[in-house]
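# fold the following and give me the result.
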Amino acid sequence: MKTDDYIVFEVDTVKFALPSVDVDRVERAVMLTPVPDSPEPVLGVVNYGGDVVPVLGLRGRIGTEERDVIPSDRLIFSFAHGRRMALLADRISDVLEINPGTVRSADEIWPGVSFLKSFAGLGADVILVQEIGALLDPDQERDLAEAIAAMAEESASDD
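The predicted structure follows:
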């Protein structure tokens, strides 16, 4: 895939995109294991080849309520903060080439927004170009690591 190719996905009625070079793989969603005391937007974790992978949701960022995973959902796996993470998407729409000339910095259009990299206009659609690493600030990343460690300790003591 080219560097201007993006995986376009939908959450509710909003279209997002991730650079295809940042996407490791896309899988059908599975039931998530809750992580007590994890920061928002962490919905839970999944086991991915023996690794505990946090799953992040975007519904709270667009002003809608998170919902349970349903069979048609997809997990988009990527890397951020030195770990594999996944985004929960309602559906994958397309793989598109987004011309850099159609992209505007998110801060130009929506000052102060921290979880988006940019906006791209494609015909009648506006696509929010996501930066997965921006979904968790350093404090949330630390809280997530502590919550996962505590969950692992509790699981080990139960065995």
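# what's the longest helix in the chain?
helix 138-158 (DSSP state H).
# same for that helix, what does it pack against?
strand 42-48, strand 51-56 (3 or more C-beta pairs under 8 Å, 6 or more residues apart in numbering; DSSP states H and E). Placement of C-beta: from N, CA and C, glycine included.
# ok and it relative to strand 51-56, angle-wise?
130 degrees (axes from the mean of the first three to the mean of the last three C-alpha atoms, to 10 degrees).
# what's the mean pLDDT across helix 138-158?
Mean per-residue pLDDT for helix 138-158: 88.
# which residues does that helix contact?
Residues from elsewhere that reach helix 138-158 (C-beta atoms under 8 Å, 6 or more residues apart in numbering): 35, 36, 37, 38, 39, 40, 42, 45, 52, 54, 81, 136.
# likewise stretch 13-25?
1-3, 5-10, 58, 62, 76-79, 84, 87, 89, 93, 95-96, 98, 120, 125-130, 132.
# what's the span of that stretch, first residue to last?
23 Å (C-alpha to C-alpha, to the nearest Å).
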